[in-house]
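Student: mind looking at a prediction? Sequence and model below.
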Amino acid sequence: MTTASHTIQGLASAKDLFALTKPRVMSLVIFTALCGLLAAPGDIHPVIAFTAILAISLGAGASAALNQWYESDIDAIMKRTSQRPLPAGRMDRETALHFGIGLSVFSVLLMGVAVNWFSAIFLAFSIFFYAVVYTIWLKRSTPQNIVIGGAAGAFPPAIGWAAVTGDVTMMPFLLFAIIFFWTPPHFWALALFMNSDYSKAGVPMMPVVAGRQSTRKQIFGYSLILAAVAIAPFAFGLAGVVYGAVAIVLSGIFCALAWRVCRSNTTRPDDMGSEKRLFKFSILYLFALFAAVVADRIIMA
Amino acid sequence: MSEIDSDKAPMTPEEQKVYQARQKQRAIIMACLLLFMVVLFYLITIVKIGSGS
C-alpha cells in the first residue's frame, strides 16, 4: 500500500485518533446531552452526571470513527473532508475500525456500570443507528439520508435525560424531535452552497437528487414542523414561560429565514446569502433553545 | 529501545525515529487516560457505596 510510509507501519498519531472522533460535532453532543441531563427531574450525583456525559461523548466519538472508517472513499473525493486522517493517508482503515469498536464497547459498559443499563442500551442503539443504519445502509441509498442521520444526532439529550430518570417520557421525546426536525433545514442549507462537492462524491444529497428548488421548499416545510415541535413543550405545560418566549421568538426568526431561502432561486453559491444566513442562525438556534430548556428549569425551580 | 533495528526492512532510520517518538507519545497519553479512569472508577465506587446502590 502506498500509504504505508505515511502511516508509519500503521501507528496512527494520538492527534489523528482524536480527530477521528469529530471533536466539533462532539461539542454539540456534549452540550445537548448536558441540557437533557440538567432538564430531567430528579437528582443525580455530579460524579455520575460527569460519567454519563463522558460515556455519551465517547459513544459519539466512536460513531464518528466508525463513520469515517466506512466513508473514507467518499471523504477522499470531497474537499471539505479530504484532509481527515483516513483519506489523507495518515491512518489505515483497520486502526479506525478497531478504535471505533473499542470506544463503542467501552462507552456502553461505562454507562451501564456507572449510570444505569437503560441509558447504556439507549447509547448502544444510538451508535448502531448512526454507524450501521445511517452510514452503511441509508446514506448512499436515499436523498432522505439527512433526515435519518438527524435521528442519530438527536439521541444525546434523550440519553442524558435517561441517565437521570432511567426512562423516556414526553419531554425527552420532544427534545429528540427538535434536533430531528432541525437537522434537515440546517444541513440542506449547507448542502445548497456546497452542492458541487456532494454531487462529485455521488452522495444522493437532496439538492443533487431533487434539485435546489424542491430542497428549498422542503427546508421551509421542515422549519414549520420544527417551530411547532420547539413550541410544544411550552404549549403542553412541560416547560415554562422563559422557554416558551425563547422558543416562539427564535422559531419565528428561523421560519422567516427559511422563507427567504424558499423564495430564492439562485444557482450560484456566491449569491446564496440567505442559505448561509439560515445555516449560521440554525446553529445559534439550537444552542439557544437547549440553553433555554435548562434556564427555564432552573428559574422555575 | 533507542537503538536502530536494521532488520525492520521497510523503515529507514528516520522513520524509525518518528515511529518511536509516536509510540512514546501514545504511551504517555494512554498512561494519563488510565490514571484518569482509575480516579474516576474510585469516585464512582465511593458514590455508589454512599448511595447504597
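Tutor: Structure received. Residues are numbered from 1 along each chain as shown, chains lettered A, B, ... in the order given.

Student: for the stretch 51-200 of chain A, which segments count as helices?
Tutor: A:72-77, A:93-114, A:117-128, A:145-153, A:155-165, A:170-193, A:195-201 (DSSP state H, counting those that start in this stretch).

Student: and for chain B?
Tutor: B:13-51 (DSSP state H).

Student: any low-confidence regions in it?
Tutor: Within chain B, the stretches with pLDDT under 70 are B:1-9, B:52-53.

Student: longest helix in chain A, please.
Tutor: Across chain A, the longest stretch assigned as helix under DSSP H is helix A:273-300.

Student: and it, what does it pack onto?
Tutor: helix A:23-39, helix A:170-193, helix A:212-235, helix A:241-263 (3 or more C-beta pairs under 8 Å, 6 or more residues apart in numbering or on different chains; DSSP states H and E). C-beta: built from backbone N, CA, C; applies to glycine.

Student: got those helices as a markdown table, with mean neighbour count and mean pLDDT columns?
Tutor: A markdown table is the format used below for the helices and strands packed on helix A:273-300 (neighbours: other C-beta atoms under 10 Å in any protein chain shown; pLDDT from 0 to 100):
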| stretch | mean neighbour count | mean pLDDT |
| --- | --- | --- |
| helix A:23-39 | 20 | 93 |
| helix A:170-193 | 23 | 94 |
| helix A:212-235 | 20 | 96 |
| helix A:241-263 | 18 | 97 |
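
Student: distance to chain B added to those helices, as a markdown table?
Tutor: Listed next are the helices and strands packed on helix A:273-300 as a markdown table, based on distance: least, C-beta to the nearest C-beta, whole Å:
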| stretch | distance to chain B |
| --- | --- |
| helix A:23-39 | 15 |
| helix A:170-193 | 22 |
| helix A:212-235 | 30 |
| helix A:241-263 | 31 |
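
Student: turn these into CSV, including distance to B:Gln16.
Tutor: Output for the helices and strands packed on helix A:273-300, formatted as CSV (distance: least, C-beta to C-beta, whole Å):
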stretch, distance to B:Gln16
helix A:23-39, 30
helix A:170-193, 43
helix A:212-235, 52
helix A:241-263, 55
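
Student: and stretch A:83-100, what's its mean pLDDT?
Tutor: Per-residue pLDDT values over stretch A:83-100 give a mean of 93.

Student: make that stretch A:70-79, sorry
Tutor: Average pLDDT, stretch A:70-79: 90.

Student: what residues does it touch?
Tutor: Contacts to stretch A:70-79, defined as C-beta atoms under 8 Å, 6 or more residues apart in numbering or on different chains, come from residues A:68, A:81-82, A:84, A:86-87, A:93, A:96, A:131, A:135-136, A:139, A:197-198, A:200-203.

Student: circling back to that earlier point, which of the helices of the stretch 51-200 of chain A is buried the deepest?
Tutor: helix A:155-165 (a mean of 27; mean count of other C-beta atoms under 10 Å in any protein chain shown).

Student: return that one as PDB; C-alpha atoms alone will do.
Tutor: This file holds the C-alpha atoms of helix A:155-165, laid out as PDB (Å, rounded to 0.1, in the frame of the first residue of the first chain):
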ATOM      1  CA  PHE A 155     -30.400  10.900  20.700                       C
ATOM      2  CA  PRO A 156     -27.900  12.600  23.100                       C
ATOM      3  CA  PRO A 157     -30.400  14.800  25.100                       C
ATOM      4  CA  ALA A 158     -32.800  11.900  25.500                       C
ATOM      5  CA  ILE A 159     -29.900   9.700  26.700                       C
ATOM      6  CA  GLY A 160     -28.800  12.500  29.100                       C
ATOM      7  CA  TRP A 161     -32.400  12.600  30.400                       C
ATOM      8  CA  ALA A 162     -32.500   8.800  30.700                       C
ATOM      9  CA  ALA A 163     -29.200   8.900  32.700                       C
ATOM     10  CA  VAL A 164     -31.100  10.700  35.500                       C
ATOM     11  CA  THR A 165     -34.600   9.200  35.300                       C
END
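
Student: does anything pack onto that helix? Which helices or strands?
Tutor: helix A:23-39, helix A:46-70, helix A:117-128, helix A:170-193.

Student: other SSEs contacting the last one?
Tutor: For helix A:170-193, the helices and strands in contact under the criterion 3+ C-beta pairs under 8 Å, 6+ apart are helix A:23-39, helix A:145-153, helix A:155-165, helix A:206-209, helix A:212-235, helix A:241-263, helix A:273-300.

Student: what about A:Tyr297, distance to chain B?
Tutor: Quick fix: residue A:297 is Arg, not Tyr. Separation of A:Arg297 from chain B (C-beta to the nearest C-beta, to the nearest Å): 23 Å.

Student: hmm, A:Leu38 and that residue touching each other?
Tutor: Yes: with contacts counted by C-beta atoms under 8 Å, A:Arg297 reaches A:Leu38, the gap being 6.9 Å.

Student: residue of the stretch 51-200 of chain A closest to chain B, please.
Tutor: When scored by C-beta to the nearest C-beta, the stretch 51-200 of chain A has A:Ala114 as its residue closest to chain B, at 4.8 Å.

Student: that residue: what's it in contact with?
Tutor: A:Ala114 is in contact with A:48, A:51-52, A:55, B:44, counting by C-beta under 8 Å, 6+ apart.

Student: ok, of these, which one's closest to A:Val293?
Tutor: A:Ala52 (17.0 Å; C-beta to C-beta).

Student: okay, now A:Ala288: neighbour count?
Tutor: 15 (other C-beta atoms under 10 Å in any protein chain shown).
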